[in-house]
Every structure is written in C-alpha cells, then in structure tokens.
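> Need a 3D model of the sequence below.
(chains A and B)
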Amino acid sequence: MNSKNTKSVLHQMWTAKAAVLMIFMLFLSVSTFAQTKKQISGTVYDNTGTVLPGASIIEVGTKNGTTTDFDGKFSLQVAVGGAIEVSFIGSTTQKIQITGNTSNLEVRLQNDGYTLAEVQVVSVGYGKVKKSDLTGAISTVGADDLVKGTIGSTEQVLQGKVAGLNIIRPSGDPAAGSTIRLRGGTSLTASNSPLIVVDGIAGVDINVVQPSDIKSIDVLKDASATAIYGSRGANGVIMITTKSGTKGVSVVYNGQTGVGYVNDNLDLLSANQWRGYVRQNQIADAVDYGANTNWQKAIEQTAISQSHTLSINSGKADSGFRTSLSYLNNEGVIKKSGLERLSGNVSAYQFLGDNKEVKFDMGLFANIDKWHPIDYRIFERAYNLNPTIPVYDANGNFSLVTGNIYDNPVEILTNRTFDNERHRLLGYFKTDVKFLNDFTATANISLEHNAVKGGTYKPSYAVMEGQTEGGFAQRTYAEYTNAQGELYVNYSKVIDKHNISALAGYSYLENIYEGFGAQRGGFVTDAFSYNNLGAGYNYRLSDVYSYKGKSNLVSFYARANYGYDGKYLLTATVRRDGSSRFGENNKWGTFPSASAAWRISNEEFMESSKGWLDNLKLRVGYGVTGNQDGIGEYKSLSILGVGNDSYYDPVTKTWSLAYSPKQNPNPDLKWESTEQVNIGFDFGLFNRITGSFEWYSKTTKDLLYTYEVPQPPYLVGTMLANVGEMSNKGVELTLNADIIRGDKFNWNANLTLGHNVQKIEKLSNPTYKTDVIYSGSLHGLAGMSGQYSQIIAEGYPVGTFWGFKNAGLDANGKIQYYNAAGQVVDESALVDADKTDLGNIQPDLTLGIGMNFTYGNFDLGFSGYGMFGQKALNATNMMLNDPNRLPAFNVPDSFLSSGITSAPKYSDYWIEDASFFRLQTLTFGYTLPLKYKKSKFRMYVMGENLFVITGYKGVDPEIGLNAQDGVDQTGLAAPGIDKYNNYPRPTTISVGLNFTLNN
Amino acid sequence: MKIKITAAILLSMLFTVSCTDLNEQLYDQVEDGNFGNTTKEIDALVGGAYSSLRGFSDAISNNFPTCEYVFFLNEVVSDEATIPTRGTNWYDGGQYQEAQKHTWKSDNRMILSAWRYNYTGIAKINAIIYQINKSSLSDKAKTPIFAELKALRAYYYYNLLDLFGNVPIVTNFEDTDLPTNSTRKQVYDFVEKELTDAIPYLNPNVVYSKFTRNVAYSVLARLYLNSEAFIGQPRWQDCINMCQKVTGYSLTPDFFDNFVTENQTSPEIIFAIPYDSKAGTVGNYMNSMSCHYNQKLAISAIPNNYPWSANGMCAQPGVYSAFADTDKRKKCMLEGDQINLATGSVIMMDNGEPLTYTENLTSLEDAKENEGVRLHKYEMKAGEQWERDHDFVLIRYAEILMMQAECYVRLGSPDLARPFVQQVASRAGEEVPATIDLAFIDQELLKEFTFEGRRRTDNIRFGTFFQPWWSKGTTEKYRAIFPIPSTVLTTNKNLKQNPGYPN
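This next block holds a predicted model:
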C-alpha cells in the first residue's frame, strides 16, 4: 500500500466514524422513561382513507410526541390513562384517551377545508418531507398533472410543467430521447441532464419507468436540495415516485390509439414550379425526368400509434402489491421509424412485527424497446433532389440519378435494415427497521441493467455503402450494470414545538459497462441480412471489437432538519463522495448545503390576514454540488491501448497491432463544482391560488473542457482539464389556481415561467489558456469544412453566434455586410475583426401553461409550452438559398423571389428568432357515471402538437440543443443549429379510454 | 438487547459493505507501468512509432500526410496543384485560396495540421522511448531500438525544419515544461546529428517500410540538397556522397508500378507508409478528394462500385501542358471527356453539361465543376473502398538519381548528371536534351514527382516559389517557412513567431 492509498483509506475511515458518531449522539439525546407506560401504535388517515404522513401525535400535557411516517404509521410510549392529540395541518385535531386496552389505533382526521398542496409529501433523497416543511426549491408534479399523449420517452411528461426545467425534443422521431436542462445547465462537455432517482434508486435511466406507473415527480432544483446527491447533483435531481399498493383493490385499463401526420414541410419548388422556372430562364441543359415528386412527402407516412396499459393494485393494512403491464407501438412520420415497447412493473410491500417495526419493499421494472434507427442523410437528399425525378423508374426500381448528395432518399429508407433492441431492468429490495421509537434504519439494494443490441444490414443493391461494400452486415451489443447499496438511518422526534430529524448514511455504487460488436462486408447473397456475419468475405481488422470499463462511487452523507412550531425550519446537509473517475490528487469531494425557511403566515402577527393569505413562506438556501459525468473512466491515467495503430511487418508481410499512449494523464482531474444561492417564496391565496417564486444564482467552477494544449511538449494536442467558470442567474414563477370551484363546473389553471441568464466567466487559468473556443460546427455543409458559427468566450453565454452582420441585399442580390466601423461592405472586404455577436440560443423566457375544465361528466384540458427570445441558425435555409443549385438541386419557393445571388456564407442573414409556443395537447373527455364502487369509465379525444406559433421559417423552431442526426450529444457545445437534422414533429389525433374498476 | 443487536448489525454493515477502493481497474487498456516487458510488447511499442506516420484526425484537425491537410498544404502552395472554390464547395473559410495566393495566415488549419502531424509523431516516439527505457531490456538490446526510433523522430524534425524552420526540440517525454524555439540552424544540426549517430545501429539491408540505413542516407541527402535553402550553406557534394551510399534499389520498368495498389513489391521504393484498409489504416483517401462526384461512372459499369469523390484538388494550369504527349508520366492526370462505362457516352454532370476536364480554370474563386485536370497517379479501380490500400511513397530511388543529377549540375558538371537523369527520363519515354541545365532539372522534377507532396521544397530551392504563377503574385522571402500556428502560440507563450509573420 502506498502512502496515497493509506491517506485515502484513513480519510474514508474518518468519514465513516463521523457518521457513526453522529448516530450515537442521536441515541444519547433520547432519554428513557421509566414509569407505567405503554407502547401504542396506529395509522392516521385523511377523510378519503389515504394515509397521512407527517401528522403529529403529542401526549397531552407532555413534550412527548412523534410524527407519522410515510405510511401514516406511528408508535409512541404513553402513560396509561393519559391522552394523545393527533393533528395535521388542514385537519381538525383529534384527542384520544389511552386506556389499558389501547394498542392499534386507526385515526381518521376530518378535513377542515384546506387541502392544498401544502399537505403533499415530497421526496428529498433518503427520506420524505412534508411540502410545508421544505426549505429548498423543489417542484412537485402529481400524476394528474403530467403531460399525457403519445409518449415514448418518460421525460416528456414534465415538458412545461416545472419552472426552470427545459425539456427539448430535438426530433419527432418516436425513438428519440429528450434533452433536459435545469436552470441553463452547468457544463460545457459533461451531461447536463438531472440525476434521475426512481423510488430512491439514484442514477437510473428515466425510461425504465412508464408514465402510467408514476405517482408523482419531485424536481429538486437548488443546491440546498440537491447537495445530498453530492457530485451528481449539480444539474438538479428528478425524484420519481411510482405507484405502489395504495389502499383498496383496483384494476385499471388505459388504451389509446392515434394517427400522426406531418403538418409542416419546407416549401420547395414543385415539379411544375421547377418546369416554369426552367422555361422562363430558358435553361437548355436542365434535365426534366418527367415526374412530379414531392420528395419530402415521399419519405413520410401517416403514423399509427397505440398503447395499452393494464394495472392491478391491492393494498391492505400490512401488505400490498401493484402490478402493471403496458404495450405501446408508436410509428414515426418518417417511413420505417418508430418505437415499440413492452414493459412491466411489479411492486410489493409487507410489514412485520407487533408494531409493524419492519417493512419490506420490493420493486421490479422491466421493458423491451424495439426501433429502427433511420439514416438522417435522407433529409438533405429530400431537399436536394430535382422534383421531376420519379421515386421509381418505369421498371418499378428506385430511380437513381448520380450526383453529389443526390441519392434517392426513399431507397435509403427502404433498402436497409436497422433493428435495435434495448432491454431495461431495475430491481430493488428495501428494508426499513424502526427501533428506539424514533429511529428508522433503511437498507436498499438495487440493480439496474440496461442493454442495447443492434443489427444492421445494407444489401449489395443499396446505394452508397451497400454497393461499395458488396453487402454490409453489423451486429452490436452494449450493456451497463449499476449495482448500488445504500444504508441509512433516519431519526425523527417531536419534542413540544421542536421538530427534529436527522439522517446519516452510506452508499456504494458500482458501474460496469461493456460491449462488443462485429461487422463484415462482401456477401455473395443478400439472403442472410445481418444474421450470418461469417458469410461475409471482406474482413478488416476493425471489424471486431469489445470493451469494458468500471467505476465506483463511494459516499457518506448526512442531513439534519430542525423545525420550531412549524414556523422556523432549518436544514443542513453534507455529502462526501469518492469516485474512481477522479484523478489521484482529487479522489474525494465534499458537498455541503444549508437552508432555512420561515412560515410567515404562521406568525401571530399575520392573524389578520388569515382570510386571504393561507400560506406565506420564505426560503433561503445555499449549497455546493458537483457534476462528475464529464470525466468518464480512466481519463486521469497514463494508459496504453490499441486503436487503429496497426503496423506492417515487412519480414512476415503481415500486419500487427501497435500499442500507443492514448492521452495526456491528468491526476488533478475532478468534478465540476456548482455553488448556488436560492431565495424563494411559497404562497397560498384565497384558498384557491398557490404558487412559488424563486431567484437563484449559481456559479460553476472547474468546468471540464478538452483544452488544446501545446504540442510540444504534450503527447496529444488536447487534454481534459478543470479550468473555466460559468454563471447562471434567473427567476422562476409557478402558479396554480382553482379559478372556479363549483358543484358542476371547475376550472383549474397552472402556469410556469422561467428566465435564465448565462455567462461564461472564465476560460483560462495559469496552465490552460484559451481566449475563445469555437463551437457550433458547420462541418459537413458544402464549402464550410472546419467553419464554426459560435464561440464560447468569457462574457458571453454558451451558444453565442459569432460572425458577420448582414446589411441586406444590394441591387444585384448580393448580401452586403457591416464592417467593424459600421460601413456597408461587400463580402470580399470583410476581415475577421468585423465578426461580432449575433445573438445566442438562450431563451429569455420559457413558459408552460395548462388548463383543465370540468363540467359535470365532461372534461376539457390543454397544455402548452413555449420558449421566447432565443436565436437559431437556419443553416438548412442558408444552404438551400444557393444560386448555384438550380436546375439540378431544388430550392425553396421563396428563393425565386428573394433575388439572392450570393453563394451561402454564414452571417446573421440566416439567423432567426426561434421563439415559439406549442400546443402540446388538447383533450376532451367524457366520464360515464358508473354506480359500482366509484368505478370509472372515461373516453377522450386528444390532439397533440395541433399548432405551433412561431415566426421561424424552418421546419420546426424547437431545435436540439446539440443535435446531430437527431441524437442530442452531451454538453452544450453546438446548440441551436438547424442543419438538415429536423425530423418533423407529428401532429397526432388520438382517441382513448380509461377504465377503473374498484372493489 | 434487541436494540444492541440492531445497532451492532448496522455498525458492522457500515464497515463490511464499505468497499471503498477507488483505484480504477482497467479491462481493455493497460496502464503504462504494466507494459513493455516482453519482446512482443516491445515490438508493439516500436510498431506504434511507424503507425504514427499515417497521421490521425481529431476534433481539432485532420492530420493525414496523404490527404487532408498535410498533403493539401504542400501541394496547394506549390506550382503543381490547386484547390479552387467551385460554387459553394471547397471555400472552407478561404483556407485553400489563401494557400494558393501565398497569403496564408497563422490560423490556417492546414498549417496547424502539418505542425500537429509532426509533433504528435515526435511525442509518441518520446513516449515510446520512455516506455522502453523503463523496461527490463538490457542496454545492449535497447541501443538499436533507440537508434531506429530516434532516426524516425529525426525524419519528423526534418519535416519541421523544412516547413517551420525555428521549431522547439523536445526529446524527453517526462519534460513537460513549455519549450522555446530553437533556431533553424540548431534544428538542422540536430537532424544531421541524430541521423548520423543512429546510422551504425540501423539495419543495413533493404527492408521495406522500415527506417534502415538507406532511409537515413536518403534523408541526409535531402538535408544536404536543401542545405542552402535551409541555412544558407550549400552542401551539394555531401548530398552526392550520401546518395552514393544508398544501395539495393533500382527503377521499376513501368513508372506506374510505384503507384499501383500492391506497390510494396516495387524495387524502387526506399521508404513508404504502408496502408491496408483491412488492417484498419485510415487517412489514405486522396483519390476521393480530386475527381468529380460522377467519376465513379468512369471506373465501374456497376453502379456505386467505387466510392464518392469530392471534386476538389486539381493540377494548376500549365502543369498538364508541361508534359510532352509522349511522356508516359502524363497519365498521372485525367484530362478531357470522362466516359460512362455503362453507356459508352460522356458522363453528364448534375447541371446537364458533359464531364470534360480542362487544363484551364475560370478562376480560383469560382471554378466550374469540370475545370482542372485531376490527380490520377495512384491506381483507381473498381471495388475500392473509401480507405485505399496502396502504400504512400515517401522516398524512391528516382529521387536519389535526380538529387545526384541536380548536384552535379549545380557543381558545374552537367555531364556527370547525364547518366542519372537519363535513367529517369528514358523510362518515361523522353529524351534528355543536349544541355542539361537547372531549368531542365526543375521541369524533370515536376514531371517525375508530380503530386508526391514534395514540390514545395523544390520550388523554394529553385527560387520559383517567390515568382508569380497562376493566381499568385510575388512571394516574400519569409514565406519560405510557414508561421507557427496561432493556437500553438496562444497556449505556449514561450514560443516566438517566425520572422515576417505578425505575432
């Protein structure tokens, strides 16, 4: 053992001891009673039979008390002959006499009319807290408020629902995921996705859970709330609680089927417009192939989607289970694309012990996705092809006209096979043990497994790679496993008006990823597809590969909460994370936080405002969180590996593999660290309106970036290092209102607004110097190899367009520009110094809005979201308005009237305001009154994406934050560029029914 | 009691579960401390020095000596090739135009690419030397290995001497201090010394693609040939002496045998970078960078039986006509109508016009799709993939002959040059004129070594580099070396820009 190891082990032991010590101190603080006492236990329900967590139980006339746990259960030692008072906010307090016979109580509290969100219970990580006791910025979305519709990626259910949380789908492809950014993101290279926690299991794939299994989602936004997740908390935490064994028995079926279509294509010349142009301009060489083809329509289809979910729930006092099975098949509006998913979920709980001291929970989530990735090169070709070319020639074969980026896109879609399949599995087993009245120890063991296998075949008759390879087959397999063990102890005690709780815990996470793949070309027959790789005779060294890697994360964490009289609330957390990914000099990081809240409305001096002000709470929090996603494994080490480093041995006349150093080692590598201050208000007005307002300021230090380092002396020209600094400041507003609450007619509305300002504060340090990082690559566009459209520079937000400012067209249709002196000049007179800030992709405002109306048995609802003030580069338009295109390549209708004669050149002429508002869903439903035990039968019609209000000229203003081929890359490096990558978002009309049978 | 048990269980779990080992376990790579102890491992390390000759591509730049952008740079700034802008295509921020006009700036990506290609090769060799030095090999066994590695490293430094002149010399992998410039003379001396020191330990035989004694002699001959251009001291006789040490090679009867797909059997090739796409080699796709998009129709009657071409680089006007029609080497260019093998008629371009390559171009800034004759030196054949299999020739015996011829002319003995140049010219089916002068040698070098990536050095040595040519005015002397790339200067403040260039 070397000295550094010793040091880190000692460190860990110290941390472990500290955790243990804390538990012991908590032990000591409990004084023991020695008189005629009796252990009682019970469960507290509200008037609908739902358990009430956090209700307080006080022995009358003493300081002895407790609160109910999250199953509504409590146990307490009380003097025989005494009494207890059970109280809960918004409910009438009940007094119960304790006799010698009292043992298991069932207390039902009557609602006194105040049932607003304050009584909700919120997951905060390793425990739950009443919303009224929260001190951090946490938004909660209940199952009823989640976005419904044709959903294949679970994050979509939150779109527009949480202020400050932007969810962007870069593509209308049903198999495409979404990008989540909380409060502007924190990283240039690492993932900016929040940590997903499902039923307490941190870091899982959000799609392991289906929307229909979700009970509620809590979004932890500020650092005081997320610091309990330490080096993974910087981008927020999405806590998903799934439905499991609620009281009673019910069987639920949900079914939906829909039709999707493309609402908006680019307006390109039709065949007849093209002919008109050719005739008018007397272009003798133009080739008219005789057909009338709309190439965009030719690759599209009407998409049929359907989904079915069946669930069974059974909950009793000491045991229960829930199971669900769902199937969905969403076709895409581009031929061949789509997503098919089968998923299942089982969860169960069981109490043991006289006083139900022990609770077991288990859950299993599993699903299989099948989809067919499409080749995104079709879009550029669909825009390029002459509209007189037929899709099929006279013999029924695909027509092929040779040219540059001129391949028949229907052929590309049809003649290749891409079959992908993903398996997701999450299982956990959790044990809660109550001891010494006030303690609960929890052990939670979980395993997540995620595997993708792929099969590709490009037959020998398929254009491009298929033909040049003589048939090309590929199989791939990749998987990862997250094994986690958590052990933590919660203490909670009510002494008089003091409400104390504390938590200490340890967790261990092991992530193993591995994969392999093989490919071959040169098939004598196309009969095997990708099923017989051995039949291919073209063999290359890189045709087989496999890989494996592993990382560990070891953590100790603690939290203390103190509340006085429900008015003054304090929370402090600390987490210490050790990660194998970190460099040798920075193996451990500490992430503290503190926050406080003041429920002003509970003060006596606020008595006079009781009539209209239901709740007013001020919250202040500060914390430090980290992001370790950008590091990856082994990045700090000096390693040798094989790559494409083969060498020729002239003696044996064979090729062998060389081993080469792979990277510049960086033993200082560590997490990105984000400090955040949050000030918030929660309020409730007139028993109708609730809301919260947040202000935050966060600074991310030690930004990871692959910096250019000087060669020599460095081995390779780039190095991953912690250097820069970025800030995000903003405000958020969330409002919920029961505008009308009547017997027959109800009207409810919710609104979220977010505003964020981002700035790069620093990019250099004494070792790594960078004035500016060029981003927003235009590579792949004709004549723009190696060109960039954006900069990352101090003083600007990420996604700042940097280039020449246009001054409109001159008389000859040439785009003119402003030089640095403000003079109008020709393109040829421009110099680099004339480049300037052309706006950025950061929205000034993000908005989410939803309303629900019910009238008797009818219901009507809509939800929509929008982003305003962001700029986008319409590179597609830039390239299509090229005067060199006609007659061989198609152009937009508008090109003919635009008079443009300049060849494409990047400038703000092509940058547009991409503000938009999208109507996500509009639903109209009718519920059939059923007499049998509150059973329900509801039918509905739903429209999705019925309209988008925007001035943007491209296919869709909602452009991926860093989209390439419809797949969002991590990091923030190249956002907001519309570059032939816009898979159109469908408009979908569906009908559905929900059938709930209660017993 | 129950409580104590619970507490004990909890405590013990805290410690037993705590696997707190944070050392990274490697599965598919190896830490540098655990490699280099067997002969096989040593071979694999040394092999890496050779594979680095193929260059690499990353997020910053493509650094392939055979294509984008090292080859591009050397060709476009010389008088034999150009990359015109065609409509929208090949503008790419003006980097090719400024290279053609000799107005390049230090942020030109091709220049960065040439810098990174060579210094990455050097850094890899330094790392390999460090790795082998740590191994259990005996000093005696290490000596020839180090000689071979250092000689190969000297080849990279020769390139840097030629391209950039005043470059830092870094030889120790562990030294990560930011280096300062050496003078061009110091780099020159370093290259000469490293090669001279290595020669006794290098393999004396003809070994294809390895850095043998013959390769070292050849590089030294090049160094002496350009000595006047590099450091102002002519060393023509030293060049001849070095050439005369090169043994074991002969001209192939057919000039193009040096450039066929399986060219490794040519007895003429002294040093080459081997390629085999099946062995995973990348970067060898120059044949896709020059021809028109539809050229594939002229290569195979089967659709798409030849990869895409990008319609980029072509010969500079005046090159094609410099060849006599009888010169067999003229076939290294494609000119005139290109025939569709499936139909037998001329290929049509997208715009409905025939694909006919012309020697002249409308302009550098706006050339038509079909203008410019195309590079056709290395074999192009049906069924090829994007990554080609022919080896890239760095030094061949014809150069040894031509170097001697040139030196004798420069030393005032053109008659002594005749036997050397005769061999080269007669293979091409050409006569050697009665008087052999430098102008003839210059033209013969152009025709013999067209598109072999070495013309820039000849242009500088003959001084033509500074004279106007197509789409280029007079060039100032300081442009005989390139500026140090701007991003290199930003990240290493110890470096000074080359004279003449703005800092």
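> contacts, neighbours, all on C-alpha from now
Fine.
> Residue B:419: neighbouring residues, count only.
Applying other CA atoms under 10 Å in any protein chain shown, we find 14 residues neighbouring residue B:419.
> so for the host helix or strand of it, what's the average pLDDT?
In the assignment (DSSP states H and E), residue B:419 maps to helix B:414-427. For helix B:414-427, the mean pLDDT works out to 96.
> The helix or strand just after that helix vs helix B:414-427, what angle?
On the C-terminal side of helix B:414-427, the nearest following helix or strand under DSSP H and E is helix B:438-448. On the basis of axes from the mean of the first three to the mean of the last three CA atoms, to 10 degrees, helix B:438-448 is oriented at 30 degrees to helix B:414-427.
> what sits up against helix B:438-448?
B:80, B:322-323, B:329-330, B:402, B:405-406, B:409-410, B:424-425, B:455, B:458, B:462 (CA atoms under 8 Å, 6 or more residues apart in numbering or on different chains).
> of all those residues, which comes closest to chain A?
residue B:80 (22.5 Å; CA to the nearest CA).
> Give me the neighbour count for the residue lying closest to that closest one once chain neighbours are set aside.
Leaving out its chain neighbours, the residue that sits closest to residue B:80 by CA to CA, 6 or more residues apart in numbering or on different chains is residue B:316, at 5.3 Å. Around residue B:316 there are 27 other residues, counting by other CA under 10 Å.
> low-scoring stretches of the chain, by residue?
With no chain named, the answer covers chain A. A:1-35, A:47-49, A:89-90, A:111-119, A:245, A:643-644, A:961-974, A:981 (pLDDT under 70).
> you looked at the wrong chain, it should be chain B
B:1-20.
> Apply 80 and report the result again.
Applying pLDDT under 80 to chain B picks out residues B:1-21, B:33-34, B:59-60, B:303-304, B:350-351, B:503.
> residue ranges for the helices of the stretch 851-999 of chain A, please.
Along the stretch 851-999 of chain A, the segments classed as helices by DSSP state H, counting those that start in this stretch run A:875-880, A:893-898.
> from the ones you listed, which stretch is densest packed?
Among the helices of the stretch 851-999 of chain A, helix A:875-880 has the highest mean neighbour count (mean count of other CA atoms under 10 Å in any protein chain shown), at a mean of 21.
> How about that one and chain B, touching?
No. Contact of helix A:875-880 with chain B (CA under 8 Å from any CA of the partner chain) is absent, the minimum separation being 8.9 Å.
> tell me what that helix is packed against?
Applying 3 or more CA pairs under 8 Å, 6 or more residues apart in numbering or on different chains; DSSP states H and E, we find helix A:875-880 packed against strand A:977-978.
> hmm, 10 Å instead?
helix A:377-384, strand A:911-913, strand A:977-978 (3 or more CA pairs under 10 Å, 6 or more residues apart in numbering or on different chains; DSSP states H and E).
> highest average neighbour count across those?
Among these, highest average neighbours (mean count of other CA under 10 Å) belong to strand A:977-978, with a mean of 26.
> And the contacts of that one?
A:776-778, A:789-790, A:799, A:801, A:841, A:871-878, A:911, A:954-964 (CA atoms under 10 Å, 6 or more residues apart in numbering or on different chains).
> mind running it again at 6 Å?
Outside strand A:977-978, the residues that touch it by CA atoms under 6 Å, 6 or more residues apart in numbering or on different chains are A:872-875.
> In strands, which of these fall?
A:872-874 (DSSP state E).
> Only the buried subset of those, as a PyMOL command please.
Selecting only the buried entries of these in PyMOL, with 16 or more other CA atoms under 10 Å in any protein chain shown as the criterion:
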select buried, chain A and resi 872+873+874
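> Let me have the ones in strands among the contacts of strand A:977-978 in JSON lines, adding distance to residue A:257 as columns.
What follows is these, written out as JSON lines (distance: CA to CA, whole Å):
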{"residue": "A:872", "distance to residue A:257": "34"}
{"residue": "A:873", "distance to residue A:257": "36"}
{"residue": "A:874", "distance to residue A:257": "35"}
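> Turn the ones in strands among the contacts of strand A:977-978 into a markdown table, columns for distance to chain B.
Converted to a markdown table, the ones in strands among the contacts of strand A:977-978 look like this (distance: CA to the nearest CA, whole Å):
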| residue | distance to chain B |
| --- | --- |
| A:872 | 21 |
| A:873 | 18 |
| A:874 | 17 |
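> what's the burial count for residue B:59?
The burial count assigned to residue B:59 is 8, neighbours taken as other CA under 10 Å.
> Then it would be within a strand, right?
No. Going by DSSP: H, G, I helix; E, B strand; the rest coil, the assignment for residue B:59 is coil, not a strand.
> Tell me, how many residues neighbour the nearest residue to residue B:254 once chain neighbours are set aside?
Closest residue to residue B:254 apart from its sequence neighbours, by CA to CA, 6+ apart: residue B:427 at 7.3 Å. Per other CA under 10 Å, the neighbour tally for residue B:427 reads 17.
> for residue B:98, phi and psi?
phi -70, psi -30 (degrees, to the nearest 10).
> residues in contact with it?
Counting by CA under 6 Å, 6+ apart, residue B:98 has contacts residue B:104.
> Quick one: check whichever strand or helix holds residue A:412 for contact with chain B.
If you go by DSSP H and E, residue A:412 is part of helix A:409-414. No. Using CA under 6 Å from any CA of the partner chain, helix A:409-414 never reaches chain B; the gap is at least 13.6 Å.
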